[in-house]
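1. sequence first, predicted model second:
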Amino acid sequence: MLTVLVLGGTSEARALAARLAGQPGVRVISSLAGRVRDPAIPAGEVRVGGFGGAAGLADWTRAEGVDAVVDATHPFAETISAHAVAACARTGLPLLRLTRPGWQPQPGDDWHQVGSLAEAATILPSLGQRVFLTTGRQGLSAFAAPPSAAPPSAAPPSAAPPSAAPPSAAPPSAALAGLWFLIRCVDPPSGAMPANREVLLARGPYTRDAEHALMRRFAIDVLVTKNSGGSLTEGKLAAARDLGIPVVVVRRPDPSAAPSTYGVDDAVSWVRGVGPGS
Ligand code: NAP
């Protein structure tokens, strides 16, 4: 029996688990962080929660008799990817990174690529007033203006037309406080976040048409996204292109040091090439 640990939380991880669960002689265990209240459950065995760092992950793989690890986590989940590299170096287990290509700007796009959420927040006021924030519920504090900043705009969130105001010359924190945000995430956010906001709880996939209608309904004039890649959530990019809306794109962190592939088929072949106990 070949025991494979799939570090998951993505559609690719679920696709791989579904393929491996159907292979004779393969035991697949998917690991989820436990961040989402009602996660999509992969085929095969599933465990939930952190391992306690790279050392904890190494211990866990030994205890479970794992023969190979596939890191199929999200491109922005850089801590667990680094832990997978360190744990497999410690145990000598083979490790493959399964990820998805990043999105690329298309003709007609107005992308502003930044290195972090904080940098995204800094440039936002120069790009628009009504922000569609799709970076997830973690890191929203980057867009919260400090309490000393100017009070938020009194404009009703869902009825105001796109602002024709010129880019703000106010200091960044005060300019940020004047923005309105549509925050979309799977579970309710908590902690510091923009005061002037509406939270939309939703889970993809999202079509281009639905994203177009949503952005028009809320008079969105700037979109913020991580460069997550994948087809399930790229409709917002096409909709922003259609509407002539600028997009602030957070670049990916450095890739994992492990050998990597974009293909689930490749990952299945790689697993087949790993002998039990190798
Ligand atoms: P992260 O910052 O890289 O990891 C933080 C800690 O969470 C890790 O040190 C680990 O805890 C635990 N963890 C993360 N992924 C895990 C997994 N698959 N199984 C067990 N423990 C895990 O991770 P993150 O960015 O918060 O993402 C958490 C999960 O959500 C990942 O599985 C990822 O695939 C998924 N996800 C992330 C994003 C995103 O934008 N970051 C988007 C969609 C889905 P210990 O150190 O205790 O082991």
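-> Structure received.
2. longest helix anywhere in this structure?
-> helix 78-91 (DSSP state H).
3. check which helices and strands the helix or strand following that one sits against.
-> From helix 78-91 onward toward the C-terminus, using DSSP states H and E, the following helix or strand is strand 95-98. In terms of contacts (3 or more Cβ pairs under 8 Å, 6 or more residues apart in numbering; DSSP states H and E), strand 95-98 is packed against helix 11-21, strand 68-71, helix 78-91, strand 260-261, helix 264-272. In short, each C-beta sits where N, CA and C put it, glycine included.
4. only alpha carbons, please: show strand 95-98 as PDB.
-> Written as PDB, here are the backbone C-alpha positions of strand 95-98 (Å, rounded to 0.1, in the frame of the first residue of the first chain):
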ATOM      1  CA  LEU A  95       7.600  15.900  -2.300                       C
ATOM      2  CA  LEU A  96       5.800  17.300  -5.300                       C
ATOM      3  CA  ARG A  97       4.200  20.800  -5.600                       C
ATOM      4  CA  LEU A  98       0.900  20.800  -7.500                       C
END
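5. adjacent strands (with direction) for it?
-> strand 68-71 (parallel), strand 260-261 (parallel) (DSSP bridges).
6. what sits up against it?
-> With contacts defined as Cβ atoms under 8 Å, 6 or more residues apart in numbering, strand 95-98 is touched by 12-13, 16, 68-72, 81, 84-85, 88, 255-256, 258-264, 266-267, 270-271.
7. which other helices and strands contact the longest helix of the chain?
-> On a contact count with 3+ Cβ pairs under 8 Å, 6+ apart, helix 78-91 meets strand 2-7, helix 53-64, strand 68-71, strand 95-98.
8. mind exporting whichever helix or strand comes after the last one as PDB, just the C-alpha atoms?
-> It stands for strand 95-98. As assigned by DSSP H and E, the chain's next helix or strand after strand 95-98 is strand 111-114. The C-alpha trace of strand 111-114 is given here as PDB (Å, rounded to 0.1, in the frame of the first residue of the first chain):
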ATOM      1  CA  TRP A 111      -3.500  45.900 -14.100                       C
ATOM      2  CA  HIS A 112      -1.500  47.400 -11.200                       C
ATOM      3  CA  GLN A 113       0.700  44.700  -9.800                       C
ATOM      4  CA  VAL A 114       1.800  45.000  -6.200                       C
END
